[in-house]
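**Q** give me coordinates for this.
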Amino acid sequence: MKYFRQLRNNRGFTLVEVIIAVFIIGLIIPALIDVLAVSQKTINQSSLDMDFRQSARAVLFTMVRDIQQAKVVQFITPQSLGLTGPNNEVITYTYQATAQKLMRTENGLEKQLAESVTDCTLTSDNGTILIRLSFAQRGQTFDLVARAFPRVNQSILPFPRIIAANPNLLPVGYSPVVIEIMAENTHFVNRESRVQIGPFWLADVQVLSPTLLRGTLPAGLGEGTYDVIVETNEEIAILPDGFQVTPRPTIQSVTPNSVLVGYTPTLITIIGANTHFAQGVTTAQIGAQTLTNVQVTTPTALSGILPSGLAEGTYDVVVKTGGEEAALTQGFRVVNTLPPAWPHVPFPGGDWHLEPGGHYQILNDHQLFHDGLGSDKPPYYLPFWGADFIYQCTITFKGTPQVGKTQEAGLVFFFDGDYRGNSYNAMYFGIELFTRTFKYGPWDNPTAFTFSGNNFQLDTPYTLKVISNQRNIQLYINGQLVQSETLPATQSGYLGVWSDTQKCDVYFDF
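**A** Okay, the predicted model is just below:
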């Protein structure tokens, strides 16, 4: 029995045992390879990270060494530094934020000192210079900080800084303008100081003091925001986004835009576009009169009191905010009223009828045109071109409308006074308000005339205001400007009153 047991033990592994052993080894070897690969990758990455950090520390060491050896250290910006080396070499450190690079320039030769620099901050603290660099690599970030202690008798100059440019805001299309630059910690020098706004260099630069200069900005700078940069042979001062060219500011409206001769102080409201009105800064002027008690409600709206004293005439409206100027040429008028005798003009046929109480009535069938073009029936009008006046009255339409029949009445703004010709150009107040044809539409609403999207109600007074400034005519109904026209020199203008063949009277109350 013992012999057979030994014989069995010496026969080796069975096939099943061998297969199991091979299977286990097959599992262990790939896992071991993966572990070794990961370990090697970690070692390599750690080595790269260590190399990167060592390179970053070398950059910091270079900066500290240059600062400690320099005769003069000057801050250019919070992210750039200028040095005068021990052998009078000129060294500049500049951080390029967009490219995330730190550059070193020595005697005009620039080279990259570091990349993947996410931030660079340089500050002065109690006679020392604090350097803070931030780096990012493979999703990881780290900061390096060092303090450079200057040597004895080393000069540390504070940041040269531009405080302001005046003016710092101009409209598109501006003319060449003198710009004054105010700064601190600068050393402006005549014939050495150069000023740049965007891509343009100022001409005729005059240094008034080490911190004040002026020069002429050429025309042509487009809309946008620009840095202001002043350079000398030894320093640079920058005002980021310190200058702006905006769309041209304009005045959209002046309310009221006219007053009568002998007016009392009047509240004026001015609405602008692309303006930057500012309380305490903005001034407004009409002619030679400056508005008082100016109140700015928005950057595009203000109000103020126009003092009395402007004589009859037409005046420009000018609003200034620093270097910004918005103007409305001939935007305001001082005028006389139309003579009260206007309704007494002897119209053909004696069609005006004076009623007790001071109103005037036009009787039924008093037409401007009877059968359209070519009518030989005279219109009832008053010429108002070539004069300055404001005419105001109340108009009331009266009558008994007939449903389904064409029926119109109202006022007409009439060009080309030859009523016997064939080239009329008229605009009507009434159901066909300001049409330029002779289309007579049906009176769809038997109780109303159409007026600018609303209704001209019968037996309802409406205010009429006509402002004439030579050949510029403005017509208002109930305070709404419904038409503004400038007559060509070859045309005449008339204000007419009319009704069609259906009975409808028009009353004028003064």
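
**Q** and residue 100, what does it touch?
**A** Counting by Cβ atoms under 8 Å, 6 or more residues apart in numbering, residue 100 touches 115, 116, 117, 118, 136. All C-beta atoms are positioned from the backbone trio N, CA, C, and that covers glycine.

**Q** oh, that last question was meant for residue 189, not what I typed.
**A** Contacts of residue 189 (Cβ under 8 Å, 6+ apart): 207, 210, 232, 233.

**Q** emit the ChimeraX select command for whichever of the contacts of residue 100 are buried.
**A** Filtering the contacts of residue 100 down to the buried ones (16 or more other Cβ atoms under 10 Å) takes a single ChimeraX command:
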select :117
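
**Q** ok, of the contacts of residue 100, which one's closest to residue 299?
**A** Checking the contacts of residue 100 against residue 299 with Cβ to Cβ, the nearest one is residue 118 at 37.1 Å.

**Q** can I assume that closest one is in contact with residue 135?
**A** Yes. Using Cβ atoms under 8 Å, residue 118 is in contact with residue 135, at 6.6 Å.

**Q** shared neighbours of these two, anything?
**A** Common neighbours of residue 118 and residue 135 (Cβ under 8 Å, 6+ apart) are residue 141.

**Q** before we move on, the earlier item: now the contacts of residue 189 as TSV including neighbour count, secondary structure and pLDDT?
**A** TSV is the format used below for the contacts of residue 189 (neighbours: other Cβ atoms under 10 Å; DSSP: H, G, I helix; E, B strand; the rest coil; pLDDT from 0 to 100):
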residue	neighbour count	secondary structure	pLDDT
207	20	strand	94
210	16	coil	92
232	17	coil	84
233	10	coil	77
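
**Q** domain parsing of the protein, as residue ranges.
**A** Here the domain parsing of the chain from automatic domain parsing is 46-157, 161-246, 250-334, 342-509.

**Q** average model confidence for the last one?
**A** Per-residue pLDDT over domain 342-509 has a mean of 47.

**Q** check the shortest one too.
**A** Across domain 250-334, the average pLDDT comes to 91.

**Q** same deal with the first one?
**A** On average, the pLDDT along domain 46-157 is 80.

**Q** what's the first-to-last distance across stretch 309-324?
**A** By Cα to Cα, to the nearest Å, the extent of stretch 309-324 from end to end equals 27 Å.

**Q** need the longest helix for the chain.
**A** Ranked by residue count and defined by DSSP state H, the top helix of the chain is helix 15-69.

**Q** who are the packing partners of that one?
**A** Here helix 15-69 touches strand 80-84, strand 90-96, strand 109-115, strand 128-137, strand 140-148, going by 3 or more Cβ pairs under 8 Å, 6 or more residues apart in numbering; DSSP states H and E.

**Q** for those, which one sits closest to residue 59?
**A** Among the helices and strands packed on helix 15-69, strand 109-115 sits nearest to residue 59 (Cβ to Cβ), with 4.6 Å.

**Q** angle of the closest one against strand 128-137?
**A** Using axes from the mean of the first three to the mean of the last three Cα atoms, to 10 degrees, the inter-axis angle of strand 109-115 relative to strand 128-137 is 60 degrees.

**Q** alpha carbons only: can I get strand 109-115 in PDB?
**A** Presented in PDB, the C-alpha positions along strand 109-115 are these (Å, rounded to 0.1, in the frame of the first residue of the first chain):
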ATOM      1  CA  LEU A 109      15.100  91.300 -27.100                       C
ATOM      2  CA  GLU A 110      11.900  89.500 -26.000                       C
ATOM      3  CA  LYS A 111      11.600  85.800 -25.000                       C
ATOM      4  CA  GLN A 112       9.000  83.600 -23.400                       C
ATOM      5  CA  LEU A 113       9.700  83.000 -19.800                       C
ATOM      6  CA  ALA A 114       6.700  80.800 -18.900                       C
ATOM      7  CA  GLU A 115       3.500  79.500 -20.300                       C
END
